[in-house]
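J.: build the 3D model from these lines:
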Amino acid sequence: MSKAPPPKGLPPIWQKPDGSPVSCLEKIKVLNQNYAELKQMAQDALEDALLMECNEEQIKEALHRLVDDLHNPYD
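T.: Now for the predicted structure:
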């Protein structure tokens, strides 16, 4: 069961595959750090592209495709 997304700018409430929340504080800390790092890298990439006169929507679509192309190596 998926809940409403968190307020803008905050990381999500991390969930296990069964929908229950991740409760280990160390796991949550790592996930939040990864989220913040990825967010900053994506922001930097967008800003670089805009400075190089790229189309904003194209860059955002490319970033969405990048995420959509991620695969689970544990399946």
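
J.: quick check: longest helix of this protein.
T.: When the chain is scanned for its longest helix (criterion: DSSP state H), the result is helix 25-51.

J.: give me the mean pLDDT for it.
T.: For helix 25-51, mean pLDDT rounds to 97.

J.: ok, then the element right after that helix?
T.: Once the chain leaves helix 25-51, the next helix or strand it forms, by DSSP states H and E, is helix 56-68.

J.: so that next one versus helix 25-51, what angle?
T.: Computed by axes from the mean of the first three to the mean of the last three CA atoms, to 10 degrees, the angle separating helix 56-68 from helix 25-51 equals 150 degrees.

J.: same for helix 56-68, what does it pack against?
T.: Applying 3 or more CB pairs under 8 Å, 6 or more residues apart in numbering; DSSP states H and E, one finds that helix 56-68 contacts helix 25-51. For the C-beta atoms, the positions are set from N, CA and C on the backbone; glycine is no exception.

J.: show me what the longest helix of the chain is packed up against.
T.: helix 56-68.

J.: chain center to the helix it packs on, what's the gap?
T.: Centroid separation for helix 56-68 versus its chain: 12 Å, with CA atoms, centre = their mean, to the nearest Å.

J.: ditto for stretch 7-17
T.: 9 Å.
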